[in-house]
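# A structural model of the following input is requested.
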Amino acid sequence: QVQLVESGGGLVQAGGSLRLSCAASGRTFSSYAMGWFRQAPGKERDFVAAITGSGGSTVYVDSVKGRFTISRDNAKNTVYLQMNSLKPEDTAVYYCAASTSWALGHQYKYDYWGQGTQVTVSS
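This next block holds a predicted model:
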């Protein structure tokens, strides 16, 4: 069992930055690929970024490429999402998730989910 707790959300002006963190319980964190997803009001939850267990490979949705960076610190059991040049359309609840496979954006392949953290970008 893995428990995930996100933090770091908040209100920021357009063009600003936030860094989200997702702390995981358990001693096998490095065996999980991690993903970030987001859900805007009235919309479905969408894929944002993912990273392999070693951190050696990452993948992003096109809309955040060049602005967001996913990373992880396996010694701290934590995955991060650095978000720069934020836009109002980035406003959403952001979720982290853990998968025992390289799940990319396939939500059904993720085994564990956090409770989410709200990110609001004002124009």
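
# surely Val48 meets Lys65?
No: using CB atoms under 8 Å, Val48 is not in contact with Lys65, being 10.6 Å away. Just so you know, the C-beta spots here come from the backbone N, C-alpha and C atoms, and that holds for glycine as well.

# Compare those two (neighbour count), which wins?
When Val48 and Lys65 are compared for neighbours, Val48 comes out ahead with 25 against 11, by other CB atoms under 10 Å.

# Do you know the pLDDT at that one?
pLDDT, Val48: 98.

# Starting from Ala97, give me the distance back to it.
10 Å (CB to CB, to the nearest Å).

# How about Lys109?
Taking CB to CB, one finds Lys109 at 9 Å from Ala97.

# which residues does the residue nearest in space to the middle of the chain form a beta bridge with?
Nearest residue to the geometric centre of the chain (CA atoms, centre = their mean): Trp36, 2.5 Å. Judged by DSSP bridges, the bridge partners of Trp36 are Ala49, Cys96.
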